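Engineer: turn this into a structure:
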Amino acid sequence: MFDWNTYRQQVITGVGSFAKLSPETVKGYGATGVAGQKTGHLDAKTRELIAVAVAITLRCDGCITVHTDAARKLGASREELAEALGVATSINAGAAIVYSVRALDAFAAAGEV
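Structural biologist: Next up, the predicted model:
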């Protein structure tokens, strides 16, 4: 499908290049990534599993490769990842239902004009 290891290195290199051009932007991004860690309510593995789940909803290949690698290194199993992905899939389907209701409402409102 995809050479994820090579791509991950390309993403890391690309972000490094971007950081040279816009250091405050990348520094700010990094700060948001570590802010949640400071509360200590979730362990690192759980945060990475959440990150992968969010990454698939955003369709961010760079996020997928970086966070799956981190989750694996933190001891996440394939089964844990699959469960997190299942939750993300469910939320995406739920969002489609909610927006379907909105589309039906917009359609009804258009008939009121």
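Engineer: list the helices and strands the longest helix seen in the chain packs on?
Structural biologist: Using DSSP state H to define each element, the chain has its longest helix at helix 78-110. Helices and strands touching helix 78-110, by 3 or more Cβ pairs under 8 Å, 6 or more residues apart in numbering; DSSP states H and E, are helix 44-58, helix 61-73. Using the backbone N, CA and C atoms, a C-beta is placed for each residue, glycine as well.
Engineer: which of those sits closest to Ile91?
Structural biologist: Comparison of the helices and strands packed on helix 78-110 against Ile91 by Cβ to Cβ identifies helix 44-58 as nearest, at 6.8 Å.
Engineer: show me the contact partners of the helix-or-strand element of the chain with minimal mean pLDDT.
Structural biologist: Across the helices and strands of the chain, mean pLDDT, DSSP states H and E gives its lowest value to helix 23-35, namely a mean of 92. Helix 23-35 has contacts (Cβ atoms under 8 Å, 6 or more residues apart in numbering) with 15, 18-19.
Engineer: next, the angle helix 23-35 makes with the helix or strand where Ala19 lies.
Structural biologist: Per DSSP states H and E, Ala19 falls inside helix 4-21. On the basis of axes from the mean of the first three to the mean of the last three Cα atoms, to 10 degrees, helix 4-21 is oriented at 130 degrees to helix 23-35.
Engineer: buried residues in helix 4-21?
Structural biologist: 8, 11 (16 or more other Cβ atoms under 10 Å).
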